[in-house]
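Chemist: Sequence and predicted structure are below.
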Amino acid sequence: MVLNGKRQSDLVRICQELIRRPSPSGKEREVATFIADTMRSIGYDEVSIDLYGNVIGRQFFATPGKRLLLESQMDHIDPGTLTDWSYYPYGAFIKDGCIYGRGASDQKGCLAAMILAGAELKNNFYNKLKGELVVAGTVFQERFEGVASRTVASAFPPDFVVLGEATELKIKRGQRGRAEIVIETQGRMTHSSNPEFGSNAADAMISILSSIHQSYSPSFKPFFGENILVLTTLRTYPDLGTGLVPEICRAIFDLRVFPDDTPESVVRKFKGLIERAKDSLRGIKVKIFISETEDRTYTGASIRGTHFARAWALPEESDYLKRALRAVETLGMEGGVSDSPGFGTNGCYYAGELGIPTIVFGPSGRRLVHSIDEYIEINDLFLAFQGYEGIAKEVLT
């Protein structure tokens, strides 16, 4: 359904108000309160905030049926240096048909469109639809892919999922997974004027990195592409003081993984990669593990996640995918189904772990995500609304 003038203004306003409320991971309280209040004011049947601080709105239709979940994150990355921006990143200024601000494309535009789509579906199609629509704004997605979604799925297990993400209004049917692997060498600290009295953890790490560089060759799988490996962090400890042979050196790698990879298989792979360096590691202890992070949400709840996000793909012959595609094509969108995997999303949990049919769909494009002068085109915002509404109508009939 095409939005009338008032509802178009409402959608733009909701998007602007989301952007105007800074919500880095762990500090989503203000935006969560706004979302809950907005859902109540526009007629959601039930609105709640769970243990982690996710906001969940529910709409029930005339007859029993399936449950469709529309989900987008509430948090965003830091805007960086404010003076690099042409517009204040939390100002939500409009220029040339675009709304500027941190999170505009990732993913507050998606979330605004989902929120209003939920209200309009209830207002206009209550008697024609079956089952239930759940719209969720989740916390900590930038830090812990899939972790916050666990409480959403536990409370309201979905039959189908649509995740908001910048896909240029194309349907993404899967994603490469991601593993963050830590290699830590531990030697014996001593003064650098007498290195023979210690064991240099940094020298050992150089041997390990050289072994990995010589041994690792990315493999390729159709749709997913290559399982590329990137060194992202390299540090020694102690990191203060002078004249020290380091006791510990830590390297962190980002590895893109395939559906058949597991945390255990990734660690085994890395143990094999450093085999060439074993003669250089006498007196050195080596640890290899998938990294974990623990933090607290704005509600005070502890949230902990292992940095391993499973890869997933919805089969091309999936009936759910065909319905979603039919919905966006009926609306005149030319995007179709993307032939490449998408960004990391909470789909690693819904599809990768639970096996729930999941797609990713939203306005804007990759180049704007996490960028300076991030923006969303207002016309794309309207089309995203139509897309979410259309997919819900196809799935819940």
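Modeler: Thanks, I have it. Numbers count the residues shown, from 1 in each chain.

Chemist: So for the residue nearest the centre of the chain, what pLDDT did the model give?
Modeler: Most central in the chain under Cα atoms, centre = their mean is residue 345, positioned 3.4 Å from the mean C-alpha point. Here the pLDDT value assigned to residue 345 is 90.

Chemist: repeat for residue 251
Modeler: pLDDT, residue 251: 98.

Chemist: Repeat that for residue 37.
Modeler: Model confidence at residue 37 (pLDDT) stands at 98.

Chemist: And it, how far from residue 55?
Modeler: According to Cβ to Cβ, to the nearest Å, residue 37 stands 10 Å off from residue 55. Just so you know, the C-beta spots here come from the backbone N, C-alpha and C atoms, and that holds for glycine as well.

Chemist: ok, back up a step: please name the residues that touch the closest residue to the residue nearest to the centre of the chain other than its chain neighbours.
Modeler: Of all residues not flanking residue 345 in the chain, residue 163 sits nearest, at 4.9 Å (Cβ to Cβ, 6 or more residues apart in numbering). For residue 163, the contact set (Cβ atoms under 8 Å, 6 or more residues apart in numbering) comprises 71, 72, 345, 346, 347, 350, 358, 359, 360, 361.

Chemist: can you pull the contacts of the last one?
Modeler: Contacts were defined as Cβ under 8 Å, 6+ apart; by that measure residue 361 touches 162-165, 167, 169-172, 324, 328, 384, 387-388, 391.

Chemist: related to what we said a few turns ago, for the contacts of residue 163, pick the one with the most neighbours.
Modeler: residue 347 (33 neighbours; other Cβ atoms under 10 Å).

Chemist: Now it. Nearest residue, chain neighbours left out?
Modeler: residue 358 (4.7 Å).

Chemist: Same question for residue 215.
Modeler: Here the residue nearest residue 215, using Cβ to Cβ, 6+ apart, is residue 273, at 4.8 Å.

Chemist: What ranges does the stretch 51-200 of the chain have for its strands?
Modeler: Using DSSP state E, counting those that start in this stretch, the strands found in the stretch 51-200 of the chain span residues 55-60, 63-73, 94-95, 98-100, 130-138, 160-163, 174-175, 177-186, 190-191.

Chemist: could you point out where the chain is predicted with low confidence?
Modeler: Low-confidence segments of the chain (pLDDT under 70): 1, 335.

Chemist: returning to what we had before: closest one of the contacts of residue 361 to residue 152?
Modeler: residue 163 (11.5 Å; Cβ to Cβ).

Chemist: separation between the closest residue to residue 186 other than its chain neighbours and residue 167?
Modeler: With sequence-adjacent residues excluded and distances taken as Cβ to Cβ, 6+ apart, residue 186 is closest to residue 285, at 4.3 Å. Distance, residue 285 to residue 167, using Cβ to Cβ: 45 Å.

Chemist: one step back: isn't the residue nearest to residue 186 up against residue 188?
Modeler: No: using Cβ atoms under 8 Å, residue 285 is not in contact with residue 188; the gap is 10.0 Å.

Chemist: re earlier: for the residue nearest to the centre of the chain, give me its contacts.
Modeler: 141, 145, 163, 165, 175, 360.
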